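Here is a sequence with its predicted model. Questions after.
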Amino acid sequence: MPIIIQRDDIIVKTAFNFIDDSYVRLIRAGVITLQDYDLFISCLKIMKSLFTNILQEIIIFNQERTIDIDFYGRLFETDDGYLRVTHIINDDPFSSLFMLVKRYLNDVSQLNEMYAEASEKALELEEDSICRSILYNLRLFYYETENLICKGYTVKIHGNEKRMEVDERTVTMINKVIEELISDCQIQLQNTLLPNMLQSPYFSSVSESYEALSKSFNHCTFDKNHNFNYIDTNEITNEDPEKYKTNEVDQNLPVALKSESLLRNDFDVPVIYRPLTTTVKTEEIYGMHHPFKYLIILFLMGIFAIFVMLMKKRN
């Protein structure tokens with residue numbers, strides 16, 4: 001046990017402090033503000049606590065020493081800003097946190113690239129773009145967690161891709177950890193965000209997702225005859241293929257879009273990934289599309305074409 005905890009401490013520093021260190025460098029470079037950093041660091045602390053506390057519950061559950069603790073110890077190791085573990089099963093207790101960390105790493109990578117390309121000139125970001133990005137990622141995290149908590153969990157055990165269902169007591173304890181820490185996260189948002197962001201549709205959307213998640217904790221029920229079942233994902237034949245779908249990274253899609261597309265939920269809808277460099281209207285982010293959008297675009301293109309023709313005639 002002490003060896004695992006000691007290693008866990010090292011892993012936490014390796015994974016989450018990489019993001020923290022990157023944000024500190026960006027503050028010193030004048031790319032982000034201290035307000036942005038304060039908001040982010042409050043979320044980062046919650047992420048670290050989620051990892052360590054959930055891992056502790058899994059260690060307690062691992063009385064027969066069958067769970068692959070080394071795999072979970074390496075789960076958030078990074079190599080040049082990328083997670084070494086590329087995917088995780090959707091019903092793993094860490095799956096929603098895993099995707100959240102991936103998105104934050106993606107944002108840090110974007111910021112670093114933008115700063116490097118700016119070279120000598122100052123890099124100017126859109127106002128509140130960092131706050132919007134943090135809220136956007138949290139909204140996805142709440143949504144993914146809501147789809148996770150009531151389905152039960154499986155954990156990786158020793159052996160090639162073998163997994164074991166988690167017992168009811170451990171599921172309850174893991175959900176309790178998630179519920180308490182996400183509640184703390186929401187409180188931190190309210191205490192850290194500036195008034196204009198607290199009144200924004202971005203925060204409203206996060207709050208709605210949080211309320212939906214909170215209600216889900218109260219409605220989760222479990223099979224009282226739940227037994228430990230060993231599952232070999234290499235031998236699945238007649239099982240529901242969606243149940244074991246993995247969150248693999250598609251290099252052709254932004255991380256947030258890929259994560260959203262893999263959620264196991266009947267009400268999944270595509271979400272437009274909002275890069276830090278692009279201004280995206282609120283209605284586009286939250287799915288409210290104008291019915292005459294394409295007609296307006298065609299109309300504007302026609303006006304532009306006429307303008308070009310007139311300019312050519314004048315010349």
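Received the coordinates, thanks.

Going by neighbour count, which residues of stretch 208-218 are buried?
By 16 or more other Cβ atoms under 10 Å, the buried positions in stretch 208-218 come out as 209, 210, 213, 216, 217. In short, each C-beta sits where N, CA and C put it, glycine included.

Just flag the most distant two among those.
209 and 217 (13.3 Å; Cβ to Cβ).

Now do the contacts for residue 66.
157, 158, 164 (Cβ atoms under 8 Å, 6 or more residues apart in numbering).

does the first one have beta-bridge partners, and which?
Following DSSP bridges, residue 157 is listed with bridge partners residue 67.

Thought residue 164 was touching it, still the case?
Yes - at 4.9 Å, residue 157 counts as touching residue 164 under the criterion of Cβ atoms under 8 Å.

State the mean pLDDT of stretch 129-145.
Averaging pLDDT along stretch 129-145 gives 93.

does residue 65 sit in a helix or strand, and which one?
Here residue 65, judged by DSSP states H and E, is contained in no helix and no strand.

I'd like to know how many residues surround the closest residue to residue 29 other than its chain neighbours.
Using Cβ to Cβ, 6 or more residues apart in numbering and skipping residues adjacent in sequence, the residue nearest residue 29 is residue 115, 6.0 Å away. By other Cβ atoms under 10 Å, 17 other residues sit near residue 115.

now residue 198
Residues near residue 198, counting by other Cβ under 10 Å, number 14.

elements contacting whichever strand or helix holds residue 218?
For residue 218, the host element (DSSP H and E) is helix 201-219. Under the contact definition 3 or more Cβ pairs under 8 Å, 6 or more residues apart in numbering; DSSP states H and E, helix 201-219 sits against helix 129-149, helix 168-192, helix 282-285.

Recalculate using a threshold of 10 Å.
helix 129-149, helix 168-192, helix 195-198, helix 282-285 (3 or more Cβ pairs under 10 Å, 6 or more residues apart in numbering; DSSP states H and E).
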